[in-house]
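Trainee: Here is a sequence with its predicted model. Questions after.
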Amino acid sequence: MYHELSNGSRLSGIIENVSISDIMIPFNNLRISNKLNLEKITQSIRQHGLIHPLTVRPKDKGFEIVAGYRRYLACKKLRWKKIPCHIVCLDETQAFELALVENIRRKSFTPLEEATAFKAYVSDHGWGSVAKLSRKIGRSPSTIVRRIGLLELPDEVLERISVSALSPSTAEELIPLKDPEKQSELAKLVARRHLTVKKLRNIMKDDVQISKESLEIEDRSKTQAIDKSISVLKMAMSRIISIIEEDAGKNNDFTIHELLLDQKNQIHNQIGLLMNARKKYFKKYCGTVRLS
């Protein structure tokens with residue numbers, strides 16, 4: 001019997017209902033993310049049943065999943081006793097290749113899962129060259145190399161990719177830098193400023209230094225209200241000081257003199273609070289990226 005896969009290929013084998021207790025997660029599980037988005041697929045199986053059987057291969061103590069890990073988890077969540085499975089005989093390399101093609105075809109990989117799978121195939125297990133993998137999955141060799149290169153970036157950058165704060169294509173631009181500190185700082189800047197790939201390339205090409213001062217200039221519009229308030233308060237304090245000095249020798253009521261001094265001090269304190277708030281803003285949102 002043949003079973004048609006989503007990528008158009010056909011594998012010989014048989015379709016059987018396999019006890020869920022006999023189905024095992026693969027040793028080389030390609031899904032490393034905790035965000036599997038099972039709700040949608042679980043709801044679909046609950047309403048329509050399992051349209052595409054799991055693809056499994058025989059092992060000593062049961063059957064190992066080749067393709068269909070999320071479908072397996074969804075069926076398990078629905079408390080199914082048996083799951084329809086397409087049983088095929090594959091070696092380690094064939095099973096990995098099929099799982100890889102199926103996940104890419106279904107677009108179910110995260111960027112880092114994809115990078116990890118490519119690296120496992122080419123480097124960790126040595127099952128084939130980049131050129132061979134390129135032919136298998138229909139991606140260019142340069143695309144595969146860049147995607148694998150993501151795994152060399154600092155953990156902080158990988159975390160930004162995993163939470164979609166940094167796109168993988170943008171992160172790939174950081175790979176040639178090789179300096180983890182520069183990579184982290186630029187990734188932070190890109191995420192904070194929403195820089196385009198073109199803008200990032202210009203920064204790296206010109207080998208410029210983005211200092212804290214230049215970032216303050218860029219953010220000046222964001223703190224314009226604070227700056228205006230500080231200016232107004234400084235002018236008010238200056239005017240009160242002038243009045244106090246003018247009236248110093250006129251023997252005015254001491255109570256009024258103290259009142260004016262108190263107002264001047266309060267304004268001075270308020271200016272200090274606003275300036276501290278401004279500094280905290282820049283400390284939080286502006287950093288230094290040194291590329292030279």
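Mentor: Cool, got the structure. Numbers count the residues shown, from 1 in each chain.
Trainee: so where do the helices sit in the chain?
Mentor: Taking DSSP state H, the helices of the chain run over residues 38-48, 69-77, 92-106, 111-119, 130-137, 141-149, 155-162, 168-172, 180-193, 197-206, 212-218, 224-246, 254-285.
Trainee: got the angle for the first one vs helix 69-77?
Mentor: Pointing back at helix 38-48 there. 70 degrees (axes from the mean of the first three to the mean of the last three CA atoms, to 10 degrees).
Trainee: What sits closest to residue 104 if chain neighbours are left out?
Mentor: Spatial nearest neighbour of residue 104, chain neighbours left out: residue 137 (5.4 Å); criterion: CB to CB, 6 or more residues apart in numbering. C-beta: built from backbone N, CA, C; applies to glycine.
Trainee: circling back: winner for burial among the helices of the chain?
Mentor: Most buried of those by mean neighbour count (mean count of other CB atoms under 10 Å) is helix 111-119; its value is a mean of 21.
Trainee: quick check: angle from it to helix 141-149?
Mentor: Using the same axes, to 10 degrees: helix 111-119 against helix 141-149 is 110 degrees.
Trainee: now helix 111-119: how far from the chain's centre is it?
Mentor: 14 Å (CA atoms, centre = their mean, to the nearest Å).
Trainee: Would you convert the helices of the chain into CSV that also reports mean pLDDT and distance to residue 23?
Mentor: Compiled in CSV, these are given as follows (pLDDT from 0 to 100; distance: least, CB to CB, whole Å):
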stretch, mean pLDDT, distance to residue 23
helix 38-48, 91, 15
helix 69-77, 92, 6
helix 92-106, 87, 14
helix 111-119, 92, 21
helix 130-137, 91, 26
helix 141-149, 94, 30
helix 155-162, 93, 28
helix 168-172, 93, 32
helix 180-193, 89, 40
helix 197-206, 83, 43
helix 212-218, 45, 54
helix 224-246, 83, 61
helix 254-285, 80, 49
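Trainee: Please name whichever of those helices is nearest to residue 28.
Mentor: helix 92-106 (5.8 Å; CB to CB).
Trainee: Give me the neighbour count for residue 139.
Mentor: Residues lying near residue 139 (other CB atoms under 10 Å) number 16.
Trainee: ok, now which ones touch it?
Mentor: The neighbours of residue 139, taking CB atoms under 8 Å, 6 or more residues apart in numbering as the test, are 104, 133.
Trainee: Kindly recompute the last result at 10 Å.
Mentor: Neighbour list for residue 139: 104, 114, 118, 130, 133, 147 [criterion: CB atoms under 10 Å, 6 or more residues apart in numbering].
Trainee: ok so, going back, and the residue nearest to residue 104, how close does it get to residue 275?
Mentor: 57 Å (CB to CB, to the nearest Å).
Trainee: ok, now residue 79?
Mentor: For residue 79, the distance to residue 275 equals 62 Å [CB to CB].
Trainee: Okay, domains of this structure per the record?
Mentor: 2-108, 153-206, 216-289 (automatic domain parsing).
Trainee: Stretch 54-68: which residues count as buried?
Mentor: Judged by neighbour count using 16 or more other CB atoms under 10 Å, the buried positions of stretch 54-68 are 54-57, 63-68.
Trainee: need those residues in TSV with pLDDT, can you?
Mentor: TSV is the format used below for the buried residues of stretch 54-68 (pLDDT from 0 to 100):
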residue	pLDDT
54	94
55	93
56	95
57	94
63	95
64	94
65	93
66	92
67	89
68	89
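Trainee: Among the residues you listed, which ones are in strands?
Mentor: Among the buried residues of stretch 54-68, the members found in strands (DSSP state E) are 54-57, 63-67.
Trainee: any chance of those in TSV, plus distance to residue 92?
Mentor: Formatted as TSV, those follow (distance: CB to CB, whole Å):
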residue	distance to residue 92
54	18
55	15
56	14
57	10
63	15
64	10
65	14
66	11
67	15
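Trainee: That's all I had, so thanks and see you.
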